[in-house]
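Q: Sequence plus predicted model, see below.
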Amino acid sequence: MRFLAVVLCLLLPLTVHAQTQPQANAGQPTGTINVDEPIGEDQAITRRIREILAELDGYDKVNVAVSSGIVTLTGTTLDSKKTQQLTELAGRIQGVVAVENNVTETTDVGERLNPVVDRFKSRVMQALSFLPLLLIALAVFALIIALGFFVARWRRPWNRLAPNGFIADIYRQIIRVVFVIAALVVALDILGATALLSGILGAAGIVGLAIGFAVRDTVENFIASIMLSVRQPFRPNDTVEIEGDTGKVIRLTSRATILLSFDGNHIRIPNATVFKSRIVNFSRNPERRFTFELGMGPDTDFDAAATLALQILRDLPFTLETPEPGVWIETIGDSTVSLQMAAWINQEGTSIGLARSEAIRLVMSAFDKAGHRMPEPTYRIIYPPQTTPQDTRPDAETQPHKVSLSTRAAKPVQDVKATADKALEEFVDQERAETERDLLSRNGTVE
């Protein structure tokens, strides 16, 4: 096994050389090179090879000797590729019997660096000759971009075309991008390198796609912000409910909607969530209905109770005549029958919470005076006949005593003005004045 491994190691360089030899000759012409002298004259072969090498770069240090048609090459070249090409080149000369290539790759630092220095000098001279054209392209590029930024800074056309300032800023950004792309195209056309534009745009598209996947949530919120700013389902100081959170709208930013809860807390909801959620706007319609439910005994005269409750709701100074109040039987329970009552208010000047509380108080007081009782909870206990003691059976003395509420004095109608709501609106206005401009407009088009 060791002997086989040694043989394979010795044969490996030969295999590599055999595979690389055709590649070194790739692209070179083939066929016999004729000489002007009769075949067999060594001097003619030598002169022909030297003439060919003189026209090629990198063979200045190569010596040629021919004897009886056998070509001997000695000296040095800059790289091994040129050395391999010498054998193939000399073998194509007419009259050559064999080629002995003794040329080696030079290790002299100066000789190896000279071509590099020459190439560098050539490129510097080429760049200097190209510099005026490059300066003109840069000047045109800067001029077009400056023009684009100047046009984007105009206020009148973009603010009139856009429904709000946020969309106007987006229009300005689009104008800047368009002018930058136009400047790039013109500059590359001046330089004669428009073929690079497709590569640049392709790379920009790939980078943009990667960034889009990385910041997908941010992009989604940004797009939702655009849609919300155009649709405007709410305005500043509107009372809304979004995803179970209720409060007054402070502002709409490019990422989130800010609410002020009735407890004074700030609630930030991502715009993507707001756009996809069910939004309840309590402030869009100034008229708002409140409801409450009272449980009555089964023996109650429900016609009289409903008429009395309806009269009380109509007589309240803060309820509206249109739509008019309503009273109806809602549910039937084990020991009660529920009356549902509803009335409308103008919530711009009336607090719905205080109005509902005052309506409940006055209706209960009127029911109490009219004898419409709300029953106590009733429980029925059944004992087995053989074990029921006589003294534990319910009788008249052990019945629960109903406490009459008729002795309570009915107070006049209390103030139900929306003072708390006005205070919250002042907080919202103060915060909007202290913070940056948002995407909402009090006079904007509402969805």
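A: Nice, I can see it.
Q: and Phe302, what does it touch?
A: Met296, Ile329, Val337, Leu339 (CB atoms under 8 Å, 6 or more residues apart in numbering). C-beta: built from backbone N, CA, C; applies to glycine.
Q: switch the cut-off to 6 Å
A: Counting by CB atoms under 6 Å, 6 or more residues apart in numbering, Phe302 touches no other residue.
Q: what do you get for the one 10 residues further on?
A: The contact partners of Ile312, by CB under 6 Å, 6+ apart, come to Leu362, Val363, Ala366.
Q: in which helix or strand would I find the nearest residue to the last one once chain neighbours are set aside?
A: So that's Ala366. Excluding its sequence neighbours, the residue lying closest to Ala366 (CB to CB, 6 or more residues apart in numbering) is Ile312, at 5.2 Å. With elements taken from DSSP states H and E, the one containing Ile312 is helix 302-315.
Q: Just give the number of residues close to the residue lying closest to Leu161 once chain neighbours are set aside.
A: Setting aside the residues directly before and after it, Leu161 is nearest to Tyr171 in space (CB to CB, 6+ apart), at 6.6 Å. A count of nearby residues for Tyr171, using other CB atoms under 10 Å, gives 15.
Q: what helix or strand is Tyr171 on?
A: Going by DSSP H and E, Tyr171 is part of helix 165-191.
Q: Average pLDDT for that helix, rounded please.
A: Helix 165-191 shows a mean pLDDT of 84.
Q: Could you tell me which residues within it count as buried?
A: Buried positions in helix 165-191, judged by neighbour count with 16 or more other CB atoms under 10 Å: 165-168, 170, 172, 175-176, 179, 181, 183-184, 186-188, 190.
Q: Just say helix, strand or coil for Asp334.
A: Under DSSP: H, G, I helix; E, B strand; the rest coil, the three-state class of Asp334 is coil.
Q: same for the helix holding Tyr171, what does it pack against?
A: Judged by 3 or more CB pairs under 6 Å, 6 or more residues apart in numbering; DSSP states H and E, the packing partners of helix 165-191 are helix 109-152, helix 156-161.
Q: would you turn those helices into a markdown table with mean pLDDT?
A: As requested, the helices and strands packed on helix 165-191 are exported to a markdown table (pLDDT from 0 to 100):
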| stretch | mean pLDDT |
| --- | --- |
| helix 109-152 | 83 |
| helix 156-161 | 73 |
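Q: Quickly find the element holding Thr246.
A: Short version, using DSSP H and E: Thr246 is in strand 245-252.
Q: quick one: strands adjacent to that strand?
A: strand 239-242 (antiparallel), strand 256-260 (antiparallel) (DSSP bridges).
Q: circling back to that earlier point, what are the buried residues along the helix holding Ile312?
A: Buried residues in helix 302-315, counted by 16+ other CB under 10 Å: Phe302, Ala305, Ala306, Leu308, Ala309, Leu310, Ile312, Leu313.
Q: Tell me the secondary structure at Trp344.
A: Classified using three-state DSSP, Trp344 is strand.
Q: Can you report how many residues lie near it?
A: 20.
Q: can you check Asp79 too?
A: For Asp79, the neighbour count with other CB under 10 Å is 12.
Q: Relative to Gly297, how far out is it?
A: Plainly put, Asp79 is 112 Å away from Gly297 if you go by CB to CB, to the nearest Å.
Q: any idea what sits nearest the most centrally placed residue in the chain, other than its immediate chain neighbours?
A: In the chain, the centroid-proximal residue (CA atoms, centre = their mean) is Val219; its distance is 1.4 Å. Nearest-residue entry for Val219: Gly212, 5.9 Å, with adjacent residues in sequence omitted and distances by CB to CB, 6+ apart.
Q: Would you verify that that neighbour is located in a helix?
A: Yes - with three-state DSSP as the criterion, Gly212 is assigned to a helix.
Q: That one and Asn346, how far apart?
A: Distance, Gly212 to Asn346, by CB to CB: 48 Å.
Q: Asn265 now?
A: 28 Å.
Q: More neighbours: which of the two?
A: Neighbours were tallied for Asn265 and for Asn346 using other CB under 10 Å; the higher tally belongs to Asn346 (14 against 10).
Q: Can you read off the pLDDT for that one?
A: Note for Asn346: predicted pLDDT of 91.
Q: The residue lying closest to Glu41 once chain neighbours are set aside: what secondary structure?
A: If the residues on either side of it in the chain are set aside, Glu41 comes closest to Gly95, at 7.5 Å by CB to CB, 6+ apart. Assigned with three-state DSSP, Gly95 falls in the coil class.
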